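Asks: curious how this folds, go ahead:
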Amino acid sequence: MAQVTNTPHVKDHALWASDYAIKLVNKMYPNNSGEVKKEREIQIELMKSV
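Replies: Numbering: from 1, shown residues only. Predicted coordinates for the structure are as follows:
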C-alpha cells in the first residue's frame, strides 16, 4: 500500500528535477530555446517511464 501512495510523490520529484535540468540548460546555452525544448522533451519522456 505504501508503494501505491508514494507513486505520485515520486513523479513530483521527477518534475522538480526536470526543472533543474532546464535551468542548467538555460545556463549552458543562454537564449537558445531549441536546446531548452530538446531537453524538456527528453525530460518528459523520462517522466513517462516513472
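Asks: and stretch 26-35, how far out from the chain middle?
Replies: Centroid separation for stretch 26-35 versus its chain: 16 Å, with Cα atoms, centre = their mean, to the nearest Å.
Asks: ok, stretch 27-42 next?
Replies: With Cα atoms, centre = their mean, you get 12 Å for stretch 27-42.
Asks: ok, which stretches of this structure are helices?
Replies: Counting by DSSP state H, one finds helices in the chain at the ranges 2-28, 33-48.
Asks: the first one - what's its average pLDDT?
Replies: Read that as helix 2-28. Across helix 2-28, the average pLDDT comes to 74.
Asks: just want the most central residue of the protein.
Replies: residue 18 (2.1 Å; Cα atoms, centre = their mean).
Asks: is it true that that residue touches residue 48?
Replies: No: using Cβ atoms under 8 Å, residue 18 is not in contact with residue 48, being 11.5 Å away. Where you see a C-beta, it was placed from the backbone N, CA and C, and this is true even at glycine.
Asks: mind listing what's buried in stretch 27-42?
Replies: 36, 39, 40 (16 or more other Cβ atoms under 10 Å).
Asks: make CSV from these and add pLDDT and distance to residue 22 to it.
Replies: Output for these, formatted as CSV (pLDDT from 0 to 100; distance: Cβ to Cβ, whole Å):
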residue, pLDDT, distance to residue 22
36, 93, 6
39, 91, 6
40, 89, 6
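Asks: so can I have a markdown table of those residues showing distance to residue 24?
Replies: Rendered in a markdown table, the data for the buried residues of stretch 27-42 read as follows (distance: Cβ to Cβ, whole Å):
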| residue | distance to residue 24 |
| --- | --- |
| 36 | 10 |
| 39 | 8 |
| 40 | 12 |
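Asks: follow-up on the earlier one: how much space between the residue nearest to the centre of the chain and residue 46?
Replies: 7 Å (Cβ to Cβ, to the nearest Å).
Asks: ok, now residue 29?
Replies: With Cβ to Cβ as the criterion, residue 29 and residue 46 are 19 Å apart.
Asks: just residue 35 next, same as before
Replies: For residue 35, the distance to residue 46 - Cβ to Cβ - is 17 Å.
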